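> Predicted coordinates and the sequence they were generated for:
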Amino acid sequence: MNDITVPLLGIAGAMIVGAMSPGPSFVMVARTAVSSSRGDGLAAALGMGAGGVVFAIAALVGLQAAFLAVPALYLAVKLLGGAYLVYLGIRIWRGAREPLSAAQDERAAAGTGNARRAFLLGMGTQVSNPKTAVVYASIFAAFLPREVPLALALAVPAVIFCIETGWYAVVALALSSAAPRSAYLRYKAWIDRAAGGVMVLLGLKLLSGVRSSS
């Protein structure tokens with residue numbers, strides 16, 4: 001058991017710090033929680049956890065090695081991820097002045113909504129960031145032994161899922177309460193523009209990295 005405890009605790013500690021760092025994932029979950037419903041926010045949190053599992057499995061099978069061996073692969077991932085974030089930001093910005101419909105407001109009050117869409121949006125936002133992939137691969141390279149025991153290989157994705165889902169569930173629960181939602185409804189246009197602007201800037205930052213690397 002000690003063979004897997006030390007690397008598992010090291011990975012968990014690093015991933016907790018990484019998950020709590022502000023970024024596009026936080027923006028997406030926060031906005032979903034305040035603009036849609038608590039259920040949708042929690043579904044988005046599950047999507048973040050699922051995306052984390054994708055990165056964890058990819059890192060375990062050598063994602064960083066693949067990026068180093070095929071630089072064009074990393075550039076392609078950055079290009080797609082940057083374009084997705086810009087697209088998402090523009091959609092949020094364009095909908096800033098659109099009021100929540102009565103149906104949306106009723107669903108939010110009841111805690112229901114389109115959970116499947118929120119889950120897919122959360123997962124898509126998570127896996128669209130190639131820097132997250134590199135962070136995962138770097139952390140795993142730092143803490144995993146050269147030969148990874150099967151128990152550790154199975155435990156790591158489960159721990160990553162719990163960390164990512166748990167943190168963003170806290171965000172969703174906190175921001176879907178009455179006070180944050182009331183503030184959002186009052187300043188919806190400004191909040192959506194800020195959220196959309198952050199998404200676009202993050203996407204453009206990724207795209208500028210593609211240009212400088214090419």
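Great, that's in hand.

> Any buried residues in whichever strand or helix holds residue 5, and which?
According to DSSP states H and E, residue 5 maps onto helix 2-20. Using 16 or more other CB atoms under 10 Å as the test for burial, helix 2-20 gives 4, 7, 8, 11, 12, 14, 15, 18, 19. (C-beta placed from N, C-alpha, C; glycine too.)

> If I look at the closest residue to the first one other than its chain neighbours, what pLDDT would I see?
In this case it means residue 4. Nearest in space to residue 4, with sequence neighbours left out and distances taken as CB to CB, 6 or more residues apart in numbering, is residue 152 at 4.1 Å. With respect to pLDDT, residue 152 has a value of 85.

> Okay, residue 152 and residue 177: tell me how far apart.
38 Å (CB to CB, to the nearest Å).

> higher neighbour count, the two?
Higher neighbour count among residue 152 and residue 177: residue 152, with 20 against 12, using other CB atoms under 10 Å.

> Could I get the phi/psi values of residue 177?
In terms of degrees, to the nearest 10, the main-chain angles of residue 177 are phi -70, psi 170.

> if I look at it, how far off is residue 92?
If you go by CB to CB, the gap between residue 177 and residue 92 works out to 22 Å.

> Report the contact partners of the closest residue to residue 132 other than its chain neighbours.
Nearest residue to residue 132, sequence neighbours excluded (CB to CB, 6+ apart): residue 55, at 6.1 Å. By CB atoms under 8 Å, 6 or more residues apart in numbering, the contact set of residue 55 is 63, 126, 127, 132, 133, 136, 160.

> Determine which two of those are furthest apart.
Using CB to CB, the two most remote members of the contacts of residue 55 are 63 and 126, lying 14.4 Å apart.

> Tell me which of these two has more neighbours.
residue 126 (26 against 23).

> Good, wrapping up.
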